[in-house]
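Trainee: Sharing a model that was predicted from the sequence below.
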2 protein chains.
Amino acid sequence: MTETQGSNPSRRALIGWGGAGLALGAAVAGGAVAVAQSGEDADPVADGMGGAVEFHGAHQAGIATPVQDRLHFAAFDVKTDDREAFVQLLKDWTEAARRMTAGKPVGEGAYGGLAEAPPDDTGEALGLKPSRLTLTIGFGPSLFDRFGLKDQRPPALVDLPKFPGDNLERSRTGGDLCVQACADDPQVAVHAIRNLARIGFGKVAVRWSQLGFGKTSSTTPGAQTPRNLFGFKDGTRNIAGTETDRLDEHVWVGAGDGPAWMTGGSYLVARRIRMNIETWDRTSLQEQEDVFGRDKREGAPVGKAKEHDEPFLKAMKPDAHVRLAHPDSNDGITILRRGYSFTDGTDGLGRLDAGLFFLAYQRDVRKGFIPLQRKLAAHDALNEYIQHVGSAVFAVPPGVRDSGDWWGRTLFSKEA
Amino acid sequence: MTETQGSNPSRRALIGWGGAGLALGAAVAGGAVAVAQSGEDADPVADGMGGAVEFHGAHQAGIATPVQDRLHFAAFDVKTDDREAFVQLLKDWTEAARRMTAGKPVGEGAYGGLAEAPPDDTGEALGLKPSRLTLTIGFGPSLFDRFGLKDQRPPALVDLPKFPGDNLERSRTGGDLCVQACADDPQVAVHAIRNLARIGFGKVAVRWSQLGFGKTSSTTPGAQTPRNLFGFKDGTRNIAGTETDRLDEHVWVGAGDGPAWMTGGSYLVARRIRMNIETWDRTSLQEQEDVFGRDKREGAPVGKAKEHDEPFLKAMKPDAHVRLAHPDSNDGITILRRGYSFTDGTDGLGRLDAGLFFLAYQRDVRKGFIPLQRKLAAHDALNEYIQHVGSAVFAVPPGVRDSGDWWGRTLFSKEA
């Protein structure tokens, strides 16, 4: 089906798409619709819920982009040993991602080119807005055991150590590849992952996937931090998409950081954190506030009035989460968080299987998540109420520069 | 914790709630904020995404109410034999539901009354809008084996028969009670179920739960039907919340229909329908359209131009879904549908575990879902691509009339 994909939307597709499609056609042709830049100058308010986020850029969208409301995340296993076939898949995926993030269906036959063939697009997002969809690809450590890539594995892409308290399920851990789909409409995110999985049929298979129903982080300066399922605001001093200096220092891989192909990329740690909400809910307010080092109502650090007031760490208990995780307690370690709350039915014991799907981007995992989590896993008062049950780490390559570029070109192309 | 719940919001809670809380306070006091009536005169456009749906009424909200975007549904097992304790739970739940649907936290100590006590509300919805939250309770057949209720079980509340092709999982089937939470913000729906589960601790336990990320039905007259995960519009001729005649004929239990306590109520069938999307996605457009009896782009019946055009059933294949399910093929059988798409990770075989959580309301299950499903299970071309894996049926009592009334009073109160 991928052969029929074209970079120019067909008239048929545009007519079918209705008003939104026509507007997007104009945008693609350099026209009138405002398309948000990922990162620096994005404005989610101006964009509105339905806008499109630019797919191309020096960095992949979906990292510094203002955090969308919903998530569908998938880790894939590679099922082919054919390097050329895999590279073709990356090109096909890129083209599909380019179209979907612009609000267009995959391929030109979304509503049916040939009646005898399956439609190029599965159709459930037809008529929906682009909804600020971003698609972000990452390469897991195990990918570098394939395709003669061993020498290209970045030193910063280490296998995560086993942390105290980890209780990882194999079926929620690892992956050769990942795609993070974020959008303000969950149907748009689910549609994107499903269509990528479909295009990859025979070459990759979904290893695990995660739906996130509510964001727990903001990368918009000054915005209120959304609450997690413990009812608290956490990670309030996140890196904003506008803070280019902090992004360069803590998130984007620099030119001298490792293999050249990763310059402009980042490293992603994904952790499925089960929250024992029933236990938490029976805990006193005082204990809850002591555990976080914040008040529950405002999210203000202990002794302060507002969420974004500078915390006075020594006023908190030594094992308070904020105190332990704060850059001042960790030689300045700072990660960009993009986590989402999840609830996936029940656990067989009459309890909701709920928690935080933690997503953090950083310039070097060895200087970001690993030392931070070593400390938290050993000391954090929150550990009594949470358990890490899934884990993965990925090298997130730089952005797709233009319409001729593709995901992973700097790694796979000889001419890179 | 339920002892501290009051029907009047405390100043403390309102202050904490910020602007929305103050506005809601005014609404509760008969003030200026428009509160949508459930059913007949609701207008989702005028309400906006954040509005409150009136909890009180002759019928429970969440049935004829314009369908909200997101769902969290929970089935509960009863864990107590103490009738009085269970009745108290129903009263406590009603009070919590009354507050949450108005956008208020459970109890008056949401941000902490006593620091030494757990907060009355878990907090993750603090600061969020009411988001048109509705909470709808139902009583399963097995509830009537308890509390001396045997004689009160309505004849219309039959155990569902085993249909051809059913492959029901015990862990997704049945339940003594259910609560359907619908809202435009999933965090608001999840918060509501979680807090009800918490209030019920020791008396009830969650048996299974289901998150729905995208509605597949509309009860708004003339609205476009949202697409399911096959990319099709289905059930386009749903009962609208404004069609009082059709609601009375097909949905609301009438005075002569059975036990008096159910008058004004309805019967709910819930089915978890796994959709084999990988197989479907490899099927030709022609086959897909033949299976539904619609075109994919518009949702129009075979040979027609628009979704809502009257279908000409004989133009469809004999086993087309629309043809088999249409009232004209079923002596006028009509049900009100409120289904949601779901995706719950992967199935262990590299496939997304996705499908439709089908919810249908009707006046009598014996004259609604059962005969309809008997026919569909035997003949529907769609059966090649779907499997029913979860099932439950509930008697949904009439609405809570006023601030002194409570869920299930007509069943449990001697004075009813």
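Mentor: Right, received. Where do you want to start? Residues are numbered from 1 along each chain as shown, chains lettered A, B, ... in the order given.

Trainee: List the contacts of the spatially most central residue of chain A.
Mentor: For chain A, the residue nearest the mean C-alpha position is A:Gln180 (4.4 Å; C-alpha atoms, centre = their mean). Neighbouring residues of A:Gln180 by C-beta atoms under 8 Å, 6 or more residues apart in numbering or on different chains: A:62, A:71, A:73, A:134-136, A:138, A:268, A:359. For every residue, glycine as well, the C-beta is placed using N, CA and C.

Trainee: what's the closest non-adjacent residue to it?
Mentor: Spatially, and ignoring its direct neighbours in sequence, A:Gln180 is nearest to A:Thr136 (4.3 Å; C-beta to C-beta, 6 or more residues apart in numbering or on different chains).

Trainee: Now do whichever strand or helix holds that neighbour: distance to the chain's middle.
Mentor: Here A:Thr136 sits within strand A:134-139, counting by DSSP states H and E. A distance of 7 Å separates the centroid of the chain from that of strand A:134-139, by C-alpha atoms, centre = their mean, to the nearest Å.

Trainee: so where do the strands sit in the stretch 251-400 of chain A?
Mentor: Using DSSP state E, counting those that start in this stretch, the strands found in the stretch 251-400 of chain A span residues A:266-275, A:336-337, A:340-346, A:352-362, A:386-396.

Trainee: Any idea which of these gets closest to A:Leu128?
Mentor: strand A:340-346 (19.7 Å; C-beta to C-beta).

Trainee: among the contacts of A:Gln180, who's most crowded?
Mentor: Counting neighbours by other C-beta atoms under 10 Å in any protein chain shown, A:Gly62 leads the contacts of A:Gln180 with 30 neighbours.

Trainee: what secondary structure does it sit in?
Mentor: Secondary structure, DSSP: H, G, I helix; E, B strand; the rest coil: A:Gly62 is coil.

Trainee: if I look at it, how far off is chain B?
Mentor: According to C-beta to the nearest C-beta, to the nearest Å, A:Gly62 and chain B sit 19 Å apart.

Trainee: for A:Gly50, same thing?
Mentor: Distance of A:Gly50 to chain B, given as C-beta to the nearest C-beta: 13 Å.

Trainee: go on, A:Ile239?
Mentor: Where chain B is concerned, A:Ile239 sits at a distance of 23 Å (C-beta to the nearest C-beta).

Trainee: between the strands of the stretch 251-400 of chain A, which one is nearest to chain B?
Mentor: When the strands of the stretch 251-400 of chain A are compared by C-beta to the nearest C-beta, strand A:340-346 sits nearest chain B, at 5.1 Å.

Trainee: What lies in contact with that closest one?
Mentor: Taking C-beta under 8 Å, 6+ apart as the rule, strand A:340-346 contacts A:70-71, A:210-216, A:228-229, A:272, A:352-357, A:359, B:72, B:124, B:187, B:190, B:206-211, B:344-345.

Trainee: and the angle from that strand to strand A:352-362?
Mentor: Orientation check (axes from the mean of the first three to the mean of the last three C-alpha atoms, to 10 degrees): strand A:340-346 against strand A:352-362 gives 150 degrees.

Trainee: and the angle from strand A:340-346 to strand A:266-275?
Mentor: Per the same axes, to 10 degrees, the angle that strand A:340-346 makes with strand A:266-275 is 40 degrees.

Trainee: which parts of stretch A:399-415 are buried?
Mentor: Under the neighbour-count criterion of 16 or more other C-beta atoms under 10 Å in any protein chain shown, stretch A:399-415 has A:399-400, A:405-412 buried.

Trainee: so which of the residues you listed also contact chain B?
Mentor: Contacts with chain B are made by none of those, judged by C-beta under 8 Å from any C-beta of the partner chain.

Trainee: In strands, which of those fall?
Mentor: Assigned to strands by DSSP state E, none of the buried residues of stretch A:399-415 qualify.

Trainee: May I see the residues you listed organised as JSON lines, with pLDDT added?
Mentor: As requested, the buried residues of stretch A:399-415 are exported to JSON lines (pLDDT from 0 to 100):
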{"residue": "A:Gly399", "pLDDT": "98"}
{"residue": "A:Val400", "pLDDT": "98"}
{"residue": "A:Asp405", "pLDDT": "98"}
{"residue": "A:Trp406", "pLDDT": "98"}
{"residue": "A:Trp407", "pLDDT": "98"}
{"residue": "A:Gly408", "pLDDT": "98"}
{"residue": "A:Arg409", "pLDDT": "98"}
{"residue": "A:Thr410", "pLDDT": "97"}
{"residue": "A:Leu411", "pLDDT": "98"}
{"residue": "A:Phe412", "pLDDT": "97"}
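
Trainee: if we can go back for a sec, remind me what the strand holding A:Thr136 packs against, helices and strands.
Mentor: helix A:83-101, strand A:177-183, strand A:386-396 (3 or more C-beta pairs under 8 Å, 6 or more residues apart in numbering or on different chains; DSSP states H and E).

Trainee: Strand partners (parallel or antiparallel) of the shortest one?
Mentor: Strand A:177-183 has the following strand partners under DSSP bridges: strand A:70-78 (antiparallel), strand A:134-139 (antiparallel).

Trainee: can you pull the buried residues of the next helix or strand after it?
Mentor: The helix or strand immediately downstream of strand A:177-183 is helix A:186-199, counting by DSSP H and E. Using 16+ other C-beta under 10 Å as the test for burial, helix A:186-199 gives A:186-199.

Trainee: pLDDT and distance to A:Arg146 for those residues - can I get that in TSV?
Mentor: Output for the buried residues of helix A:186-199, formatted as TSV (pLDDT from 0 to 100; distance: C-beta to C-beta, whole Å):
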residue	pLDDT	distance to A:Arg146
A:Pro186	97	32
A:Gln187	97	33
A:Val188	98	31
A:Ala189	98	28
A:Val190	97	28
A:His191	97	28
A:Ala192	98	25
A:Ile193	97	22
A:Arg194	96	24
A:Asn195	97	24
A:Leu196	98	19
A:Ala197	96	19
A:Arg198	96	22
A:Ile199	97	19
